[in-house]
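Enquirer: Fold the stuff below for me.
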Amino acid sequence: MAGRTLFSRPMPAVIFVVTMLFLDQLIKYLVEIELPMHELVPVMPFLALYRTHNLGVAFSMLSGMDGWFIVGLRIVIVGFVLWMWRRTDYTHHFAHLGYSLIIAGAIGNIIDRFVYGHVVDYILFYTGTWSFAVFNLADACITIGAGLVLVQEFLVPHPKDKA
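Expert: Model (predicted):
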C-alpha cells in the first residue's frame with residue numbers, strides 16, 4: 001500500500017495554504033497600488049494585466065448577489081472542502097493537493113472582501129476578437145484545485161478498481 005501523501009498531512013497542507021495566501025495577497029496589494037484601473041498592460045501577445053474589481057465569486061459569477069451572502073457561501077465551501085480533505089483516503093495525492101489549492105483560493109478571495117470590499121482581479125487572456133474573464137491567483141488556485149480533484153476521481157486508478 002502506498003504511503004501517506006504530503007498534502008494529506010495537516011502541517012504541510014497548512015504551510016502550503018498559508019504560502020499561497022501570502023503570494024495571493026502580496027500580488028493583489030501590488031496590483032492595487034501599481035496597476036492603473038481598467039487599463040490593458042500587455043505581457044505577451046495573448047496575456048495582459050488588467051486591474052478590475054469583482055463583486056462576485058470566481059470569474060465574476062454571482063456578481064449581483066449581496067456581498068455577505070458571497071462571503072458566507074465561500075465560508076461554507078471552505079468548510080465542505082475541509083470535510084472532504086479529512087474524509088479522502090490519505091493516498092490520494094491529487095485530491096489532497098487540489099483541496100489545499102481550493103481552500104487557499106477561497107480564503108484569499110474572502111480576505112479581499114474584508115480588506116477591499118471586493119475581489120481584486122488582474123489576469124486577462126485575450127485575442128483580437130475574444131477575451132476570457134479577468135481573474136486572479138486565488139481563482140486559478142480554485143480552478144486548478146478542482147481539476148486535480150477531478151483527475152484523482154476519474155483518471156487515477158483506485159485500489160478497489162485493480163483486478
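
Enquirer: Which other helices and strands does the worst-scoring helix or strand of the chain on mean pLDDT contact?
Expert: The weakest-scoring helix or strand in the chain, judged by mean pLDDT, DSSP states H and E, is helix 67-87 (a mean of 89). Packing contacts for helix 67-87, counted by 3 or more C-beta pairs under 8 Å, 6 or more residues apart in numbering; DSSP states H and E, involve helix 93-115. The way it works is simple: take the backbone N, C-alpha and C, and place the C-beta from them, glycine included.

Enquirer: quick one: average pLDDT of the helix it packs on?
Expert: For helix 93-115, mean pLDDT rounds to 95.

Enquirer: Next, the angle helix 67-87 makes with that helix.
Expert: 160 degrees (axes from the mean of the first three to the mean of the last three C-alpha atoms, to 10 degrees).

Enquirer: and helix 93-115, what other elements does it pack with?
Expert: Here helix 93-115 touches helix 10-34, helix 67-87, strand 119-125, helix 137-154, going by 3+ C-beta pairs under 8 Å, 6+ apart.

Enquirer: In that helix, which residues are buried?
Expert: 93-113 (16 or more other C-beta atoms under 10 Å).

Enquirer: Buried ones in the least confident helix or strand of the chain, by neighbour count?
Expert: Result for helix 67-87 [16+ other C-beta under 10 Å]: buried residues 70, 74, 77-78, 81, 85.

Enquirer: angle of that helix against helix 137-154?
Expert: For helix 67-87 against helix 137-154, the angle by the same axes, to 10 degrees is 40 degrees.

Enquirer: My guess is residue 127 contacts residue 46. True?
Expert: Yes - here residue 127 reaches residue 46: they are 6.2 Å apart, a contact under C-beta atoms under 8 Å.

Enquirer: So between the two, which is more surrounded?
Expert: residue 46 (14 against 9; other C-beta atoms under 10 Å).

Enquirer: Would you mind confirming that that one makes contact with residue 123?
Expert: No - counting by C-beta under 8 Å, residue 46 sits too far from residue 123 to count as a contact (11.6 Å).

Enquirer: Cheers, nothing more for now.
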